[in-house]
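Participant: Give me a model of this one.
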Amino acid sequence: MGALILQVSPATADGSGWQSTNWTGVIAGAPEPGVGLPAVPSPAGAPVALPAEYDVPAEYEGQSTCDPLPKPGTQRFADLIKATYGQDEVVWIPRDCGVNGQSEHKEGRALDWMRSVRDPQGRAEAEAFLNWLLGPDQFGVAYGNAIRLGVMYIGWNDRIWRGYKLDKGWTELKGCFSRADKGSDNTCHRNHIHISLTWDGASGRSSFWDGTALTAPYCARSRSTASGAPATRVGGAVAVDQVRVVGTRSGIGVKERCRLQQDRWNGDSHRIFAKVTGVGGVPAEGVAAVLVRVSALGTNAPTTLRAWSPGASSSVPVVQAPMNADASADAIIPVASDGTIAIATTAGATDVTVDVLGYYPNGPEVENRSEVVSETLIMPMTELGLNPAPVPVAPVAPQAPAPGAPPEEGEFVGIGAEVGYESMSQGAIQPGEIRTVALNGLPAQATSALVTVTTSDSTKKGKLRIGQIGEKRNAATIKVRKAKTRTAILVVPVVGGTVQISASKKPAVQVKVEVLGYRTGALPLKARGMSARKLIKTKFNGTKVKLAKATGIGDVPKKKKKVLAVILRVTTKGKGADGRFAAYAVGGVDRGSRSATVTAKGKTTSIIVAEVGDKGLVALAANVRTKVRVTVVGYIRR
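Facilitator: Numbering: from 1, shown residues only. Coordinates of the predicted model:
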């Protein structure tokens, strides 16, 4: 993120205060600043406390769809300009898709602010804004505000600045150095500043706006040499227990935690090739097609997830997902010669899950073609970001932390709290029903999980059993009360990231499962409940980190070597902004998962898990102003 900050010679002023120059180079600010310009303000800054992490670096994401309505982040960017320089400022966002060529205006993620280099007042405002946008931010990081806002590129004063090529700085735009005439002012961006945003910036979820950095990288480009699927198959599917083959948030089916990105240009080949044979109940051979549930989670753009058999000439649009939402649908997809299917997204970047629900053996009965078999189910995002609250020790050029290593055999991994399953999308669990579900946030190697189970809207009292598929003796039990909401903390055995939920013979009930942590290996997960004991009750200002000693409180052993983690009840009371509260080990690994919620108004209570760090300490931080009460209600033994 560093930049060579150069002192450049200002252009010689003529009657209009501007003349063409051939300067190009790297500078953290406006190019070729004018002289004798009036004093003007700069933006006040972000509306929230900024985190330590910066958002993932910009990449070029060219316009690929027609959807010109202003996107949330673009509109807020325009509002920021008007709040600084006046509500009568002219800022254009949408553009008709039939006008000219490729442009991010046609996706509602570019703006033109009408400022002229030939007008001293307009030029002064433009340069003040660019100096704020590209200059060192409050932490001294060059381009810091541009990175947090998701600026992809800028056109101004004969030049272009690219957020995805910081080392190039300002370069010549469209041969404009030799086109000083006023008739070229529009083409050469002398009568306006053009700013295109990445989809992260356009979504309005980047750290400048919500205080949570979008740090998840994009999945690496991938290609397949597999040949096509069999031409025919049997007509009926063989049902299998649902098995997750792709989970980008958990690193399942991909090399590392990543987001699936659109193709940035023709032939870019951003794909996920999901191995769907030889997993769960699907045989390794003789499979012509699979029935899959494909989900887009928290997509930063209105997009379509497409699926096909590698080697095939066409794909089918499986999931139609709106911006900043979760969406899923089911489809039959033929399987390529190497046992894979392909998934791609048309715009922006999104987390993806792929679950196999059944398979179609080889056979001569029907044509083996891709087919969408359900409507897209759209739901609110289960989380707005994947990182706990940041922990800036001091306002100095912070860097994003390096990703943690995969869990070791037998290690307990506390992940804060992540919604693993909600029955609302499939309907209440019916009397006597046995439902197998995949829990989001669990890797395939997890053997047991610590979860909170919330039951609601029950038609009658009864019981739920939650446990390892087919082994009743290992299941945990929770009592269900008619028309009441109950929450219990349970340890449940898991296989391949899945559990079985079975209802007794009387109640129909809605169920929500939140994953607090998990363990790998053969060792059992030893969770202990206890009477609630206060850990801390205080105010957080959105930047400070507070440490609390968790060992020795109540029934928690005093020696750290006996304690893996503590189970915390967190009650927050927001002070005007939505955010999050994080608790994690001092000296440990930032697991990158959601923690307790802070709402702008009112109280919110969450159950989370924090691993215990050096000297029995846990770190506590919020990314917005809030009152917090934290009590210890249990712990995990080594």
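Participant: In the stretch 1-150 of the chain, what residue spans correspond to helices?
Facilitator: For the stretch 1-150 of the chain, applying DSSP state H, counting those that start in this stretch gives helices covering 72-85, 120-134, 144-149.
Participant: what about stretch 304-318, start to end distance?
Facilitator: Chord length of stretch 304-318, first to last residue, is 7 Å (Cα to Cα, to the nearest Å).
Participant: what does stretch 55-68 give?
Facilitator: In terms of Cα to Cα, the two terminal residues of stretch 55-68 are separated by 25 Å.
Participant: quick one on the thing from earlier: tell me the most buried of the helices of the stretch 1-150 of the chain?
Facilitator: helix 144-149 (a mean of 24; mean count of other Cβ atoms under 10 Å). For glycine as for every other residue, the C-beta is placed from the backbone atoms N, C-alpha and C.
Participant: Beyond that helix, next helix or strand please.
Facilitator: Once helix 144-149 ends, the next helix or strand along the chain (criterion: DSSP states H and E) is strand 151-156.
Participant: Tell me which other helices or strands that next one touches.
Facilitator: Contact partners of strand 151-156 among helices and strands, from 3 or more Cβ pairs under 8 Å, 6 or more residues apart in numbering; DSSP states H and E: helix 120-134, strand 159-162, strand 193-197.
Participant: okay but residue 229 is in contact with residue 290, surely?
Facilitator: No - in this structure residue 229 lies outside contact range of residue 290 using Cβ atoms under 8 Å: 10.1 Å.
Participant: Which one's more surrounded, the two?
Facilitator: Between residue 229 and residue 290, residue 290 has the larger neighbour count (other Cβ atoms under 10 Å), namely 28 against 25.
Participant: Next, the contact list for the more buried one, please.
Facilitator: Each residue near residue 290 by Cβ atoms under 8 Å, 6 or more residues apart in numbering is listed here: 276-277, 282, 332-333, 335, 341, 356, 358-360.
Participant: Look at it and report its pLDDT.
Facilitator: We have a pLDDT of 95 for residue 290.
Participant: Quick check: which element contains it?
Facilitator: Element membership for residue 290 (DSSP H and E) is strand 287-297.
Participant: Sheet partners, orientation included, of that strand?
Facilitator: Counting by DSSP bridges, the strands paired with strand 287-297 are strand 325-334 (antiparallel), strand 349-361 (antiparallel).
Participant: residues in contact with the helix or strand following the first one?
Facilitator: Reading on from strand 325-334 to the C-terminus, the next helix or strand found by DSSP H and E is strand 340-345. Strand 340-345 is touched from outside by 224, 226, 246, 260-263, 270-276, 290, 292, 294, 296, 299, 303-310, 315, 333-336, 352, 354, with contacts defined as Cβ under 8 Å, 6+ apart.
Participant: Show the average pLDDT along strand 340-345.
Facilitator: 96.
Participant: Give the buried residues for stretch 445-453.
Facilitator: Applying a neighbour-count criterion of 16 or more other Cβ atoms under 10 Å, one finds 446-453 buried in stretch 445-453.
Participant: ok, and what's touching it?
Facilitator: Outside stretch 445-453, the residues within contact range by Cβ under 8 Å, 6+ apart are 407, 417, 420, 439, 442, 464, 466, 478, 487-495, 497, 499, 511-522, 524-525, 527, 567, 607, 609, 636.
Participant: State the pLDDT value of the nearest residue to residue 560 once chain neighbours are set aside.
Facilitator: The spatially closest residue to residue 560, leaving aside those adjacent along the chain, is residue 616, at 4.5 Å (Cβ to Cβ, 6 or more residues apart in numbering). What the model reports as pLDDT for residue 616 is 84.
Participant: got the contact list for residue 616?
Facilitator: 549-552, 558, 560, 563.
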